[in-house]
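Chemist: The following block contains a protein sequence and its predicted model.
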Amino acid sequence: MKTLDALKFDNRFARLGDAFSTEVLPEPLDEPRLVLASPAAMALLDLDPAEANSEVFAQLFAGHKLWSDAEPRAMVYSGHQFGVYNPRLGDGRGLLLGEVVNDASEHWDLHLKGAGQTPYSRMGDGRAVLRSSIREFLASEYMHALGIPTSRALCVTGSSTPVWREKQESGAMLLRLAPSHVRFGHFEYFYYTNQHERLKELGEHVLASHFPECLSAENPWAAMFREIVERNAELIARWQAYGFCHGVMNSDNMSILGITFDYGPYAFLDDFDANHICNHSDDSGRYSFSNQVPIAHWNLSALAQALTPFVEVEQLRESLGLFLPLFQAHYQDLMRRRLGLTTADERDAALIERLLQLMQTSAVDYNLFFRRLGEQAPADAIKTLREDFVDLAGFDQWGQEYLARAASEQGTQTERRARMHAVNPRYLLRNYLAQQAIEAAERGDYEPVRELHAVLSRPFEDQPGMERYTERPPEWGKHLEISCSS
């Protein structure tokens, strides 16, 4: 395991030059202190977990120190925000410190969020606050534990620096990791500013660094776009299967790697509601839970437009046409597994859809239902779960169909339970749990958020003494307003 001073940097994106990013140094936070760190994320850099306890750890990730080989850069990009094109966005409160190469020769971006003003801050202060930094940390590491592709979070550093939002809050920095922080909006920026030579440079960089398998294709750009479509189809299927709501699916928040990116007013469904809007600033419901599938397709179309100088329109359309069938295939496979089914049946789509309709009308806790379904033999589980539904006749009909379907599966109940518990989490990142941990952290008590992170790192396993994290949310906890404000 490595110490912090042993990290090896290879800053490929910085070498693209000033047309792609601007050199900016982080603005230090006052009286930095470590709030929490992820040993699993540190392992991606081969870092010894004990390094988090060193004084220099908090100083590095609060802007007070910098590696000599780091090259902090604020990236420039644009994007469609709530469907409207914004011609110049960029890292307004984040910096790409550099790219670290681990012992497996993997490149990891070190991106410091809340690092201060940049040329792209657009009248903002460039800061992040403690609550939003904790929320992104928890989401990043929990999504990874669920098996959903995501950027990672290495640590949150708190401070005494005052930051004004709706009220005075304390400033914080989040260090997040990803193989790349290139977004759909990077391609849009160079396309809409008619910088096609720069667009070509960007595409060649992305191909060489992240899609080398596409370089041997007849048209590497077309092959890359197809891969991006395929990755996003699987990503959104995982979001929908696990009830994750992103909240701000602007094209500048979409990663070219097909990973979950830029957590803001996210939420996991408590009671199932296909029309749930987790961002209280989203007045039109553009980014509601049920709209995430068509919006992902829309964003891919926006990216396709930016690639037209290098890919024929018909090829782009052909790849876009794969999105929905691929999404449906991945989604149905995930939902079958959540239901304990190992084989495919043409009637499964209707079985899944009918269950969701019944959940909607009865406000059934979405993820808890699937965990409880695996606890007992199918007939016993159906009898127990029946109490949560209002439309008893409808649920009884669904239950008969499910029991007939489950009877066609092989194996014992012990095997079924183990199979279902491996995909249905016992511990959930609920907004009210995050809020309670945040409020404690704002008082200077970091133990609740550290415990919550530790529990969520093993979401499928029974953890004795942690039963309070498995309870249904209180009514107030289902209606917390979460905004983009950070």
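Modeler: That came in fine, so what should we check first?

Chemist: Check the protein for me, the residue farthest from its geometric middle.
Modeler: residue 393 (37.9 Å; C-alpha atoms, centre = their mean).

Chemist: Quick check, pLDDT for that one.
Modeler: In this prediction, residue 393 carries a pLDDT score of 97.

Chemist: Run the chain-centre distance for stretch 350-365.
Modeler: 25 Å (C-alpha atoms, centre = their mean, to the nearest Å).

Chemist: Output that stretch as CSV, nothing but the C-alphas.
Modeler: Taking Å, rounded to 0.1, in the frame of the first residue of the first chain, the C-alpha atoms of stretch 350-365 are listed here in CSV:
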residue,chain,number,x,y,z
ALA,A,350,-46.5,-7.8,-17.9
LEU,A,351,-45.9,-9.4,-14.5
ILE,A,352,-43.4,-6.7,-13.6
GLU,A,353,-45.6,-3.8,-14.9
ARG,A,354,-48.7,-5.0,-13.0
LEU,A,355,-46.7,-5.2,-9.8
LEU,A,356,-45.5,-1.6,-10.2
GLN,A,357,-49.1,-0.5,-10.9
LEU,A,358,-50.3,-2.2,-7.7
MET,A,359,-47.4,-0.6,-5.7
GLN,A,360,-48.2,2.8,-7.1
THR,A,361,-51.9,2.7,-6.0
SER,A,362,-51.0,1.3,-2.6
ALA,A,363,-47.8,3.5,-1.9
VAL,A,364,-45.8,0.3,-1.2
ASP,A,365,-42.2,0.7,0.0
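
Chemist: for it, which positions count as buried?
Modeler: 351-352, 354-355, 358-359, 362, 364-365 (16 or more other C-beta atoms under 10 Å). (Each C-beta comes from the backbone N, C-alpha and C, glycine too.)

Chemist: go on, stretch 73-93?
Modeler: 73-80, 86, 89-93.

Chemist: For the host helix or strand of residue 176, which strands pair with it and how are they oriented?
Modeler: If you go by DSSP states H and E, residue 176 is part of strand 168-178. Strand 168-178 pairs in its sheet with strand 107-113 (antiparallel), strand 128-129 (antiparallel), strand 152-164 (antiparallel), by DSSP bridges.

Chemist: quick revisit: which of the buried residues of stretch 73-93 sit farthest apart?
Modeler: Between any two of these, the greatest separation by C-beta to C-beta is 23.7 Å, found for 73 and 80.

Chemist: ranges for the strands of the stretch 151-300 of the chain?
Modeler: Counting by DSSP state E, counting those that start in this stretch, residue ranges of the strands within the stretch 151-300 of the chain are 152-164, 168-178, 244-245, 267-268.

Chemist: Same list as before, those strands that is, but in JSON lines and with mean neighbour count, distance to residue 67 and mean pLDDT included.
Modeler: Listed next are the strands of the stretch 151-300 of the chain as JSON lines, based on neighbours: other C-beta atoms under 10 Å; distance: least, C-beta to C-beta, whole Å; pLDDT from 0 to 100:
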{"stretch": "strand 152-164", "mean neighbour count": "22", "distance to residue 67": "14", "mean pLDDT": "96"}
{"stretch": "strand 168-178", "mean neighbour count": "23", "distance to residue 67": "13", "mean pLDDT": "96"}
{"stretch": "strand 244-245", "mean neighbour count": "24", "distance to residue 67": "34", "mean pLDDT": "96"}
{"stretch": "strand 267-268", "mean neighbour count": "22", "distance to residue 67": "36", "mean pLDDT": "96"}
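
Chemist: Turn these into CSV, including distance to residue 330.
Modeler: Formatted as CSV, the strands of the stretch 151-300 of the chain follow (distance: least, C-beta to C-beta, whole Å):
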stretch, distance to residue 330
strand 152-164, 22
strand 168-178, 22
strand 244-245, 14
strand 267-268, 19
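
Chemist: do you know which of the ones you listed lies nearest residue 63?
Modeler: strand 168-178 (6.8 Å).

Chemist: thinking again about what came up before, before we move on, what SS does the residue farthest from the centre of the chain have?
Modeler: helix (DSSP: H, G, I helix; E, B strand; the rest coil).

Chemist: Tell me where the stretch 101-250 of the chain has helices.
Modeler: 130-146, 184-192, 196-210, 220-242 (DSSP state H, counting those that start in this stretch).

Chemist: again with the stretch 301-450 of the chain
Modeler: In the stretch 301-450 of the chain, the helices defined using DSSP H, counting those that start in this stretch lie at 313-320, 323-338, 348-362, 366-373, 378-385, 392-407, 413-421, 431-442, 447-456.

Chemist: Of the buried residues of stretch 350-365, which is the nearest to residue 154?
Modeler: residue 365 (32.0 Å).

Chemist: Okay, and the beta partners of that closest one?
Modeler: Taking DSSP bridges, one obtains residue 271 as the residues bridged to residue 365.

Chemist: which residues sit in contact with it?
Modeler: 270-272, 388, 472 (C-beta atoms under 8 Å, 6 or more residues apart in numbering).

Chemist: tell me the least confident of the residues you listed?
Modeler: Lowest pLDDT among the contacts of residue 365: residue 472, 91.

Chemist: out of the helices of the stretch 101-250 of the chain, which comes closest to residue 397?
Modeler: helix 220-242 (23.4 Å).

Chemist: Which ones among the buried residues of stretch 73-93 map onto strands?
Modeler: If you go by DSSP state E, these have 73-75, 79-80, 86 in strands.
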